[in-house]
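Asks: quick one: sequence plus predicted model below, questions after.
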Amino acid sequence: MNFGKQLKEGLISQNPVLVQLLGMCSTLAITTSFFNGLGMGISVLVILTLSNIFISLLRKIIPNEVRIACYIVVIAGFVTCVDLILKAFVPALSNSLGVFIPLIVVNCIILGRAEAFASKNSVAASAVDGICQGIGYTLVLVIMCVFRELLGSGTFGAGLLGGGELGAAPGLRIIPEQFGIKILTMPVGGFLTLGALIAAMQWALTKANNKKKEAK
Amino acid sequence: MTDYKNLKLIASSSPHIRSNEDTRSIMLDVIIAMLPALGMSIYVFGIQALVLTLISVASCLFWEWGYRKLMKKSSSIGDLSAVVTGMLLAFVCPVSLPWWAIVIGAFFSIVVVKQLYGGIGCNFLNPALAGRAILVASYASFMTQWVTPAEKLPIFGSAADVTTGSTPLALMKDGAFNELPTIREMFLGTIGGSLGEVSALALLLGGIYLIIRKVISWQIPVAYIATVAVVSLISAPANIGAVDYMLYSVLGGGLMLGAIFMATDYATSPVTKPGQLIFGIGCGLLTVFIRRFGSYPEGVCYSILIMNCCTWLLDKYIKPTIYGAPKKEKKEAAAK
Amino acid sequence: MKISPKFVLKVAGTLTIIALVTAALLGLVDGVTRDKIAEIEAEKTRVAMSAVTPAGSEFTDALDISDSVAAAASAQGGKVVELYGVTKDGVEAGCVMKITASGSQGTIVMMVGVDANKAITGISVVSHAETSGIGTKVVGNDLNDAGVPVLDQFVGMSGSGTLVVKKNITPITTATVTTKGITTGANAALAAAEALG
């Protein structure tokens, strides 16, 4: 088991959003404020790690014919747990993420990792995989949130910083409100930002590969 | 002695006819055609109209130059297409728009809509209109503030200091027909509206110049304007004369500007004549539908953008005939 | 192809056991969180209702919406989603309802309070999809063209269908459609209150 390698894969070379292009729906929809992105990222991280552990535990007894059904039952169970817990203890986050928490059930990252990794690897490796992929997902969400929030609304950390209740905090104002390019906070802005990020990632990966080739 | 090593052989498909017409000269013609409308808007809104246009042009040129430089591509500002985009972008914005907003609009027009897709000729949306759509979504309050005509703005004046009024189309939407300006005012352009759209007369002059110079063909503008006219004529509300309603519909808003300068953009409109007719009719129908049934008073911008997205389809099913082919083959090619 | 009973048992059995274990886990979590969630929901509704009724009002549980009330509201273009009775100092004091009506970009959900004399005691918007910077001015109760907070002008008005934008309701310039949406909701609420008797 190699934690460093798995972390590097989750963050960069096999980043779930930017390289595997999984879980795009939630990425586009909720990355409008730092609070949303962080909350969503951590929720997915927790669910992904738990489902990876359980699916890895059960990988020897789940019959191949119904494996997808079994995965979905396990994933849906954890998602509903997280949804209920958020509703009860962090209602602000539950309000602002709305339907996207229950929709984690159909987030391809979770089923994808269950099928591609947890069903073939040990419990410990699967847990690490869940954490690393979850961090990779959270990182992309947070980058997109910071970018869209800063240019779109002119603030940083709305929902968390700047005083006021959790979820209703105005955030730190960096650019005066009237200059905010509001289209970036709309779904269109999500597509534009994600496209630019994927392009930057591909550019960086190609450059790194070329360097490796030259070194050889 | 000929340097055979560095000799450039240009291989291109037929017809091999050379003409002096290139992108630069076409764009120059378009710029000349826009000058009457620019002059009219300076007359109506004051020197601020010229300042906003110049800022828009300068920022379009800057973004085009900056992007090509950053991506290590050949500079393309010499073809003047960025100047045209800059002028058109200013034309579709209210004169009271803050200068920084048009710089952001120019960024989206040039970098996001045009250069990211490969530069001139490769964009599938009209850059100026897409820039306007983005500005409307981002700065809705600035983009819907219509300065009353003849209210001369100070240079770099603040938008809060001017009186604003409704555009003729907004009045029509509310059914306030008795508050409308006269047809003569509408035709000359002493009305509220976007910077370049107010004077139908000046825009028509530009359009005629472009058709005479064979820069644009008549199909799209005529089909577009005629569709709007006919549909308005037969569907006029009861409390206004049908002919009056038609004239207001045709002269009001950005219809002339859109039909003559935007819908005819080479890269985003069909290449065949029948395709262009369908394109124009589609724009016309969508414009009337958005004006009548949508929540916005004006629909020219969105209808042209929507039809831009259909251009590939029109080009796919209405193929250009093969140049110089016998009639039979032409028919076969068309049938395919 | 023949499928052996043993195979069916194995597949169905495993799936059933996994489902049962998951269900048990969910039951556990639900037991812990149920009361808490119900409390938060009730508090949210109470806060929204207090905003549109005079201070010191008490609210009943959600009431059934009869067909005649629903029909009266839909005749005005709105829809009654929830209905609560209001009492003040032990006396019945009208009702408060959650109304939906269409705005410029989508549905506007609003709380409308109506007193015993069938006059509006307040309107607040619960959720909406109006254009940021235009429609949101109305939602945020900004000043209208006459210099009065746009939602507050409805307070005290009565008579379903008599509220008309640009007649007795002053909109915010450029946000007329959103103002019309709110007015539709207000008319629907008045109609529903009148149908209640």
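Replies: Structure's in. What do you need?
Asks: okay, A:Ile55 and A:Leu84: tell me how far apart.
Replies: From A:Ile55 across to A:Leu84, the span is 21 Å (CB to CB, to the nearest Å). The C-beta positions use only the backbone N, C-alpha and C, and glycine is treated the same way.
Asks: between those two, tell me which one has more neighbours.
Replies: A:Ile55 (26 against 21; other CB atoms under 10 Å in any protein chain shown).
Asks: tell me who's in contact with the more buried one.
Replies: Going by CB atoms under 8 Å, 6 or more residues apart in numbering or on different chains, A:Ile55 touches A:Ile62, A:Cys70, A:Tyr71, A:Val74, A:Ala114, A:Ala118, A:Ser119, A:Ser126.
Asks: swap the cut-off to 6 Å and go again
Replies: A:Tyr71, A:Ala114, A:Ala118 (CB atoms under 6 Å, 6 or more residues apart in numbering or on different chains).
Asks: residues near the spatially closest residue to it that is not a sequence neighbour, how many?
Replies: Excluding the flanking residues, the one nearest A:Ile55 by CB to CB, 6 or more residues apart in numbering or on different chains is A:Ala118, at 4.3 Å. When neighbours are defined as other CB under 10 Å, A:Ala118 has 28 of them.
Asks: which residues does A:Ala118 contact?
Replies: So A:Ala118 contacts A:Asn52, A:Ile55, A:Ser56, A:Ser126 (CB under 6 Å, 6+ apart).
Asks: what helix or strand is the third one located in?
Replies: Yep, that's A:Ser56 we're talking about. Assigned by DSSP states H and E, A:Ser56 falls within helix A:34-58.
Asks: how about that helix: buried residues?
Replies: Within helix A:34-58, the residues that qualify as buried are A:34-56, A:58, counting by 16 or more other CB atoms under 10 Å in any protein chain shown.
Asks: so what's the gap between that helix and the chain middle?
Replies: Here helix A:34-58 is found 9 Å from its chain centre; the criterion is CA atoms, centre = their mean, to the nearest Å.
Asks: give me the buried positions along stretch B:277-297.
Replies: Across stretch B:277-297, burial judged by 16+ other CB under 10 Å covers B:277-288, B:290-291, B:295-297.
Asks: give me the number of residues near the closest residue to C:Thr107 other than its chain neighbours?
Replies: Distance criterion CB to CB, 6+ apart; nearest residue to C:Thr107, sequence neighbours excluded, is C:Thr100 at 5.2 Å. A count of nearby residues for C:Thr100, using other CB under 10 Å, gives 20.
Asks: ok, now C:Ala188?
Replies: 27.
Asks: ok, now the one 4 residues further on?
Replies: Other residues within reach of C:Ala192 by the criterion other CB under 10 Å amount to 30.
Asks: for the residue nearest to A:Ile55, grab phi and psi.
Replies: Torsion angles at A:Ala118 (phi, psi; degrees, to the nearest 10) stand at phi -60, psi -30.
Asks: so B:Tyr117 makes contact with B:Asn123?
Replies: Yes: using CB atoms under 6 Å, B:Tyr117 is in contact with B:Asn123, at 4.8 Å.
Asks: could you pull out the strands in chain A for me?
Replies: A:155-156, A:172-173 (DSSP state E).
Asks: can you say which of these is nearest to chain B?
Replies: strand A:155-156 (15.6 Å; CB to the nearest CB).
Asks: how about the closest one and chain C, touching?
Replies: No: on the criterion CB under 6 Å from any CB of the partner chain, strand A:155-156 is out of touch with chain C, staying 13.8 Å away.
Asks: mean confidence score for that strand?
Replies: Averaging the model's pLDDT scores along strand A:155-156 yields 86.
Asks: burial check on B:Cys301, number of neighbours?
Replies: The burial count for B:Cys301: 25, using other CB under 10 Å.
Asks: residues contacting the spatially most central residue of chain A?
Replies: Nearest residue to the geometric centre of chain A (CA atoms, centre = their mean): A:Tyr137, 3.2 Å. By CB under 6 Å, 6+ apart, the residues touching A:Tyr137 are A:Pro16, A:Gly41, A:Val44.
Asks: give me the phi and psi for the first one.
Replies: What that stands for is A:Pro16. phi -60, psi -40.
Asks: host element of C:Glu82?
Replies: Here C:Glu82 is assigned to strand C:79-88, by DSSP H and E.
Asks: quick one: strands adjacent to that strand?
Replies: strand C:57-62 (antiparallel), strand C:91-102 (antiparallel) (DSSP bridges).
Asks: now check the biggest helix by length in chain C, is it near chain A?
Replies: When chain C is parsed with DSSP state H, its longest helix is helix C:5-50. Yes: using CB under 6 Å from any CB, helix C:5-50 comes into contact with chain A via C:10-11, C:14-15, C:18-19, C:22, C:25-26, C:29, C:33, C:36-37, C:40.
Asks: and the pLDDT for residue 2?
Replies: Going with chain A. We have a pLDDT of 74 for A:Asn2.
Asks: chain C, not that one
Replies: At C:Lys2, pLDDT is 71.
Asks: got it, and the one 4 residues further on?
Replies: The pLDDT attached to C:Lys6 in the predicted structure is 86.
Asks: run a quick neighbour tally on it.
Replies: There are 8 residues near C:Lys6, going by other CB under 10 Å.
Asks: can you check A:Val105 too?
Replies: 17.
Asks: need the contact list for it.
Replies: If a contact means CB under 6 Å, 6+ apart, then A:Val105 has A:Ile75, A:Ala76, A:Val79 as its contacts.
Asks: could you list the buried residues of stretch A:115-130?
Replies: For stretch A:115-130, by 16+ other CB under 10 Å, it's A:Phe117, A:Ala118, A:Ser119, A:Asn121, A:Ala125, A:Ser126, A:Ala127, A:Val128, A:Asp129, A:Gly130.
Asks: and of these, the nearest to B:Ile212?
Replies: Nearest to B:Ile212 among these is A:Phe117, at 68.0 Å by CB to CB.
Asks: check contacts around the nearest residue to that closest one once chain neighbours are set aside.
Replies: Setting aside the residues directly before and after it, A:Phe117 is nearest to A:Asp129 in space (CB to CB, 6+ apart), at 4.9 Å. A:Asp129 makes contact with A:Gln6, A:Asn52, A:Phe117, according to CB under 6 Å, 6+ apart.
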